[in-house]
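Participant: I need the structure of the sequence given here:
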Amino acid sequence: MSKNRRPRDLSSDEDSDELELWPAKMPRLSEADCMDTFEGLIKDLSTQSGRSIELKLEDLSFILAGTLDSYSQDILRILASCIVQHPSHGGAYATFVGIMNIRNFQFGAECVRFMMQKLSESLLGQHWDNSHRLLTFLVDLFNCNVITSGSLMSLFTRFTAECELRAEDEEDGKGSDSGPRARRDWLAYCALSTLPFVGRDLEYKLCEFQGLMLTLQIYVKKRVPRHVSILSVWRLGGGCPQMDSLEVLWQQVDRLRDQQWAEPDHGLLQRPYRAFDALLSAAPQHVLPQLELPPHKPGSIYPPPRVVFRIFEFSSTPEDQHLPPTLSIERHLLEVQIRHILQAHHLERKVCSEMLLAYAAAKTELAVLHCIVEVILGEMMQLPKSKWVTINYGSLLIELCKQLPEEFPAVLMQATDILFAQLDSMNVSCFDRLVNWLSHHLSNFHFNWHWQLWAQGIGLKSKPVEVGTTPKAEPKLNPDPKVNSDPKVSSDPKGSSDPKPISDPKVSSDPKPSSDPKPSSDPKLISDTKPNTDAKLNSDIKSNSDPKPNSSTTTTPNTTPNTTPNTTPNTTISNEFRCDLQPKAVFLRELIKKCARLSYHYSLVKIIPEEMFKFLPQIAQPRFKYIDELIPGGKLALQLLELMRNKRSDPDVVQAMLSAGSELELLKINVFTQTCLHLGSKSFTHTFAMLAKYGPVLKSMAKGEVQQHAILAGVFELWASSEQFKYVVSEKMLRMQILDAKAIVSWVFAPFLRLELTTMYVWELLNATVRTVKNPQRLRRRNRYSDDEEMPDMQEEEYKVKAILMDIVQRLVKALSAAPVEPVGSEGHYWTYWMLGRLEEMLFTYAEDYKTLTSKLVKIAQEPDLRRDIAKTIQAFLASII
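Facilitator: Below is the predicted model:
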């Protein structure tokens with residue numbers, strides 16, 4: 001203390017009252033500073049620091065004891081916020097209220113009323129997670145002797161009253177007057193999930209508890225969980241057994257009840273109030289106000305049903321650790337607490353990973369790391385859609401591997417191997433997420449993986465390197481991944497002088513690489529110098545038989561006038577590459593292509609084994625065929641090249657040149673499209689610049705669907721070696737309104753792209769098309785809706801969304817119906833398998849939109865000549881959304 005400071009005279013009554021209001025050593029603060037201090041102290045109950053939770057509670061209750069009369073509402077507001085944000089520490093907050101209730105009975109009553117009001121507001125606002133957390137807090141208040149057992153039992157009865165339904169309602173799968181099944185499932189879940197905290201006391205004190213358990217048992221047993229088969233990650237009996245989450249929770253609670261509500265091991269039920277039993281036992285109690293559940297309203301959205309996701313079995317964990325059995329309440333509590341950490345900190349990957357690892361370190365006897373991996377991957381692959389984007393889960397797993405490199409990567413690798421082994425029975429809807437996650441994960445660890453083991457797992461054998469494939473890297477290659485001048489690495493016969501990263505290809509616009517008139521003699525080349533010029537796109541274009549490539553002779557330019565312009569891209573692909581449609585082979589193919597986008601072609605050549613070279617994509621480079629003047633359109637292309645290479649070229653002059661040409665309309669469109677993309681092929685930036693400059697010309701030429709197909713043919717033909725360019729350029733043209741959504745959908749389902757439907761990029765393009773139609777503001781400029789511009793018609797936009805979604809379903813059904821039924825294991829069988837999975841994925845991805853089209857879907861499913869597997873898929877979707 002300073003020597004100049006005068007000692008305070010404590011004799012006056014005024015100073016005594018002030019000391020009673022502000023406890024010893026509590027500095028005087030402004031009201032804003034007081035709120036910050038209170039909030040920090042209350043939130044400290046949910047952080048793991050050096051002090052014990054008991055010491056924190058004693059200090060907090062002592063500091064706030066004299067401030068309740070002035071700041072009670074502010075304290076309750078902070079308290080409610082912490083309960084929602086940190087539900088795993090609800091017991092600590094309830095203990096604080098219990099201690100304060102002894103010191104100030106009025107504060108306890110005010111807290112009970114405030115929390116019940118918050119619960120009612122959350123239910124009315126359909127904030128289901130917040131409502132469940134507030135209910136759990138009220139249960140903890142009962143354990144702290146703040147509320148009576150009778151009023152808590154009455155609250156439970158309110159929640160389960162809607163579950164008392166007639167048996168025929170559940171058997172028919174129809175909702176009652178109280179609302180749909182999803183509403184009743186959530187109410188039953190709220191009651192069941194809180195019973196482990198209070199089951200023993202309520203069963204001992206109240207005879208009504210038996211009726212509550214009987215109501216829940218009857219409801220769960222009478223439910224018909226039709227969603228299990230369609231929401232399961234594993235199909236055809238593969239993987240770990242999967243069950244409805246509510247049914248599993250009932251079995252866990254019922255098993256706990258048979259064990260006389262024995263306390264779960266390892267402190268999974270956090271009960272900090274037990275340290276204050278002597279103090280709390282004499283506390284006065286309050287009666288909960290009556291709660292009126294808001295009635296069901298049309299348009300209300302309830303939490304969707306879930307299926308329990310499992311990867312690890314009991315034998316998958318280390319000897320000194322174990323996972324609780326699937327039907328034990330410990331397994332439920334462990335998973336719930338991990339989910340709470342994820343929900344609270346998923347946007348802060350470092351904080352989240354630190355919290356998860358600290359939680360695992362506190363329970364050394366349990367295989368918490370295995371459970372963390374299982375929960376994160378389960379949330380990522382949750383059907384019908386995950387809660388957050390895939391990269392959110394991926395970044396968290398990367399951070400966990402970095403913070404615990406000795407243990408966590410091994411657990412994650414074990415889980416990934418299990419997923420790979422069970423790919424044959426995995427739901428197609430989860431396939432893309434797994435590919436996107438693993439490719440992003442491997443890109444952060446130099447793509448180090450046991451590729452050889454996976455190659456052996458699908459029976460791949462080492463084969464001699466053929467022309468058109470990528471040979472194994474040799475020691476003489478330049479180690480710099482940015483420079484690769486060795487032609488052996490390139491899939492092009494002449495080699496590539498500058499293979500830039502595929503995520504942003506820096507391909508030279510010099511036409512020399514594609515001007516060699518002597519293509520490879522191997523007919524399996526992915527891209528030939530002579531395009532396939534005979535195909536039918538629509539009824540306006542005549543079709544002829546496709547000429548078979550002659551591998552023994554050089555390509556001779558066709559000097560005969562061609563009456564049919566080339567409107568079909570060259571998508572000739574090796575039979576060995578395309579016909580292997582088994583799930584594991586398709587997974588490796590798409591995974592390596594995604595890795596190639598995130599790395600260098602040269603790097604992957606050095607990493608993956610030779611057995612997997614057939615899955616490695618070509619180096620992305622354009623194939624500009626019009627460099628030859630003798631083929632139809634060649635002279636026009638050279639004129640356009642000479643004119644458009646001038647930076648000062650005028651699009652109007654280019655359009656005049658096209659109008660004056662004598663070529664057919666579709667040929668002009670194809671030539672101009674390929675010329676634009678060829679000149680901008682150096683990178684995406686160059687491509688977008690060319691489209692921005694000559695987009696009006698393309699738009700004026702794309703008058704109908706046939707003309708737009710000619711544009712797409714030019715894109716797919718020029719970039720036959722790059723799926724990423726085909727996807728990005730097509731989407732860019734859609735957003736520039738050069739192409740229509742309907743034209744893209746009809747193009748994707750064209751017969752010559754049948755095998756392309758098994759690739760991911762095609763469905764990425766379809767989903768991007770639907771998103772653009774659903775969000776038309778992406779088509780407009782930022783400063784949209786000027787004074788003289790009319791607002792968009794919402795009904796018209798809704799009609800466009802429904803039209804494009806129905807168009808996709810109808811074309812998918814038509815393609816599936818045209819496919820013959822082939823034996824199991826054949827190419828046709830696997831193609832049908834992938835298309836049925838994609839149909840189901842589209843239905844569930846846009847379930848809210850398809851709900852408004854239920855009558856049309858029912859009509860499709862009831863067609864007499866429809867294949868049974870197609871009708872079954874649509875009917876399963878319709879049953880799950882009722």
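Participant: show me where pLDDT drops low in the chain?
Facilitator: 1-35, 49-50, 165-178, 236-239, 460-579, 661, 778-793, 882 (pLDDT under 70).
Participant: can you give me the strands in it?
Facilitator: With DSSP state E, there are no strands along the chain.
Participant: mind listing what's buried in stretch 287-296?
Facilitator: 288, 291, 293, 296 (16 or more other Cβ atoms under 10 Å). C-betas here are computed from N, CA, C, even on glycine.
Participant: can I get those in JSON lines with distance to residue 70?
Facilitator: JSON lines is the format used below for the buried residues of stretch 287-296 (distance: Cβ to Cβ, whole Å):
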{"residue": "288", "distance to residue 70": "26"}
{"residue": "291", "distance to residue 70": "30"}
{"residue": "293", "distance to residue 70": "35"}
{"residue": "296", "distance to residue 70": "42"}
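Participant: of all the residues you listed, which two lie farthest apart?
Facilitator: Using Cβ to Cβ, the two most remote members of the buried residues of stretch 287-296 are 288 and 296, lying 23.3 Å apart.
Participant: distance check, the residue nearest to residue 111 when sequence neighbours are not counted against residue 142.
Facilitator: Among residues not flanking residue 111 along the chain, residue 97 sits closest, at 5.3 Å (Cβ to Cβ, 6 or more residues apart in numbering). The gap separating residue 97 from residue 142 is 11 Å, by Cβ to Cβ, to the nearest Å.
Participant: cool, and residue 433?
Facilitator: Relative to residue 142, and taking Cβ to Cβ, residue 433 is found at 41 Å.
Participant: out of those two, which sits in the busier spot?
Facilitator: Each of residue 433 and residue 142 has its neighbours counted (other Cβ atoms under 10 Å); residue 142 has more, 23 against 19.
Participant: please tell me how far the more buried one sits from residue 164.
Facilitator: On the measure of Cβ to Cβ, residue 142 and residue 164 end up 23 Å apart.
Participant: any idea how far residue 313 is from residue 325?
Facilitator: Taking Cβ to Cβ, one finds residue 325 at 11 Å from residue 313.
Participant: so who does residue 247 touch?
Facilitator: 220, 223, 225 (Cβ atoms under 8 Å, 6 or more residues apart in numbering).
Participant: try it again with 10 Å
Facilitator: Listed by Cβ atoms under 10 Å, 6 or more residues apart in numbering, the contact partners of residue 247 are 220-221, 223, 225, 228, 307-308.
Participant: those, buried ones only, as a ChimeraX selection?
Facilitator: The command below creates a ChimeraX selection of those among the contacts of residue 247 that count as buried (16+ other Cβ under 10 Å):
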select :220,223,225,228,307,308
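Participant: quick check, nearest of the contacts of residue 247 to residue 870?
Facilitator: Using Cβ to Cβ, the contacts of residue 247 come closest to residue 870 at residue 228, 20.8 Å.
Participant: ok, the closest one touching residue 307?
Facilitator: Yes - counting by Cβ atoms under 10 Å, residue 307 is a contact partner of residue 228 at 5.7 Å.
Participant: who touches both of these two?
Facilitator: 242-245, 247.
Participant: of those, which is the most crowded?
Facilitator: Neighbour-wise, the shared contacts of residue 228 and residue 307 (other Cβ under 10 Å) top out at residue 244, 22 neighbours.
Participant: residues contacting it?
Facilitator: Contacts of residue 244 by Cβ under 10 Å, 6+ apart are 185, 220, 223-228, 231-232, 250, 305-308.
Participant: what about 7 Å?
Facilitator: 225, 228, 305, 307 (Cβ atoms under 7 Å, 6 or more residues apart in numbering).
Participant: now do residue 293
Facilitator: Here residue 293 is in contact with 123, 158 (Cβ under 7 Å, 6+ apart).
Participant: let's go with 8 Å and repeat that
Facilitator: Applying Cβ under 8 Å, 6+ apart, the residues contacting residue 293 are 123, 158-159, 162, 187.
Participant: ditto for residue 719
Facilitator: 620, 622-623, 677, 725-726, 729.
Participant: which members of those are the farthest-apart pair?
Facilitator: 623 and 729 (14.2 Å).
Participant: burial check on the closest residue in space to residue 213 that isn't next to it in sequence, number of neighbours?
Facilitator: Using Cβ to Cβ, 6+ apart and skipping the chain neighbours, the partner closest in space to residue 213 is residue 257 (7.2 Å). Neighbour count for residue 257, taken as other Cβ under 10 Å: 17.
Participant: dihedrals phi and psi, residue 609?
Facilitator: Dihedral pair for residue 609: phi -70, psi 160, per degrees, to the nearest 10.
Participant: can you tell me how far residue 668 is from residue 750?
Facilitator: 21 Å.
Participant: which of these two has more neighbours?
Facilitator: residue 668 (22 against 19).
Participant: roughly how far does the nearest residue to that one once chain neighbours are set aside sit from residue 712?
Facilitator: Once flanking residues are discounted, residue 668 sits nearest to residue 658: 5.4 Å by Cβ to Cβ, 6+ apart. Separation of residue 658 from residue 712 (Cβ to Cβ) stands at 18 Å.
Participant: and if you look at residue 740?
Facilitator: In terms of Cβ to Cβ, residue 740 sits 11 Å off from residue 712.
Participant: would you agree residue 185 is in contact with residue 249?
Facilitator: No - Residue 185 lies out of contact with residue 249 (Cβ atoms under 8 Å); the separation is 10.5 Å.
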